[in-house]
Structures are given as structure tokens and as C-alpha cells.
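**Q** based on what follows, work out the 3D shape:
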Amino acid sequence: MEELKYPIGKFQYQGPYSEEQKRRFIKEIAETPAILKEAIKNFSEAQLETPYRQGGWTVRQVVNHMADSHMNAFIRFKLALTEENPTIKPYEQDQWANLADSLNSPIELSLNLLDTLHQKWVILLNSLSSDDFKRTYMHPESGSSNLEKVLGMYAWHSKHHLAHVTGVRDRLRK
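**A** Residues are numbered from 1 along each chain as shown. Below you'll find the predicted structure:
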């Protein structure tokens, strides 16, 4: 069960990251929307309703969650870049995943949003200096995080949920 929940393992910050590692993470974030779109291009509506594990979200919810989560991450980057260690607002991701837009909206909405959002996010990420990546925000539940760590976390987050989707795809092909 743990392997289905965390198919690539849990995120572990192994920083500080080299400039090369940061560039690789930015590239992974840039490529995520196209890889995701390719992974689900032949999914039927019924397949989009398949959970990635027993008791887990459906593929539709995972894709919609990625859009929600990455929008929050983008805003958190902007807050950290324009304010001194701002306290960010957490959100209840499980509750968000059960709202009508996550349960019922056409998957293309979140795919298109991720594509546009990631293009904008990558422009921002590529503009950051080493000092910018040291900027922080405060999460009320997990404490202070610097943007370098958050960059690694969202590269991981992209691959984590891509693995959920491709896991479903591969199981459905058998």
C-alpha cells in the first residue's frame, strides 16, 4: 500500500542544491504538463474515475489536485520573493479534491491550466538568483521553508503524481 501511495518515495530535502540540480528541477517542472497530457491522452471518462490506490483519489482528482497545488506553490514563491518570510495560508487538499471542480470538471481544464501555469512559473524560476532561492516563507504547520527546498519539493510532487497516473495507466493496460 505504501508503494502505491508513494511510488517514488517520500520527499526528502537533500540540499543545498547545486545550480545544475536547480536547473534540472526547473526542467522537470517545465516538462510536467506535457508528460501528464501524454500519460492520460487515451483515458476514457471511466478510466479517469479510477483511483490510483484503494481509498485514494481518482486520476481526475489527482490531475485537478496538481493544478490546485501548483497554483498555490506559484503564489507562495511570489509571496516569498516580495515579502519577508510571509506566513502562507495552508489549504485542506483532501477537501479541495472533493469539490465539484475536482470531481466533475473536464480534465482538459486542469491540463490547460497546468500548461500555462508551468510556463509562467518556469519564467519566474529561471529569473531567480542564488540569493532568491534562499528566501523563505512560513507554513503554519511545517515551519519555515526556503525556495530552494520548495523547488525540489515541487519537482518531486510533479513526479510523485505523474507516477500515480502512469501506475493507473499501466494497470489498465494489463
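
**Q** tell me which element the nearest residue to Thr50 once chain neighbours are set aside is part of?
**A** Leaving aside its sequence neighbours, Thr50 sits nearest to Val168 (CB to CB, 6 or more residues apart in numbering; 5.2 Å). Using the backbone N, CA and C atoms, a C-beta is placed for each residue, glycine as well. Assessed by DSSP states H and E, Val168 sits inside helix 147-173.

**Q** what's the spacing between that helix and its chain's center?
**A** The chain centroid and the centroid of helix 147-173 are separated by 7 Å, computed with CA atoms, centre = their mean, to the nearest Å.

**Q** helices or strands next to that helix in the packing?
**A** In terms of contacts (3 or more CB pairs under 8 Å, 6 or more residues apart in numbering; DSSP states H and E), helix 147-173 is packed against helix 19-39, helix 59-82.

**Q** pLDDT below threshold where in the chain?
**A** 1 (pLDDT under 70).

**Q** go again with 90.
**A** 1-4, 15, 172-174 (pLDDT under 90).

**Q** ok, now which residue in it is the farthest from the centroid?
**A** Lys174 (27.3 Å; CA atoms, centre = their mean).

**Q** okay, the helices and strands packed on helix 147-173, which one's buried deepest?
**A** The highest mean neighbour count among the helices and strands packed on helix 147-173, using mean count of other CB atoms under 10 Å, belongs to helix 59-82: a mean of 20.

**Q** same for that one, what does it pack against?
**A** Using 3+ CB pairs under 8 Å, 6+ apart, helix 59-82 is in contact with helix 19-39, helix 45-48, helix 93-96, helix 100-104, helix 107-127, strand 136-139, helix 147-173.

**Q** other SSEs contacting the third one?
**A** When you say that, I think you mean helix 93-96. Packed next to helix 93-96, using 3+ CB pairs under 8 Å, 6+ apart, are helix 59-82.

**Q** angle of the helix it packs on against helix 19-39?
**A** 150 degrees (axes from the mean of the first three to the mean of the last three CA atoms, to 10 degrees).

**Q** and helix 59-82, how far from the chain's centre?
**A** 7 Å.

**Q** perfect, that will be all.
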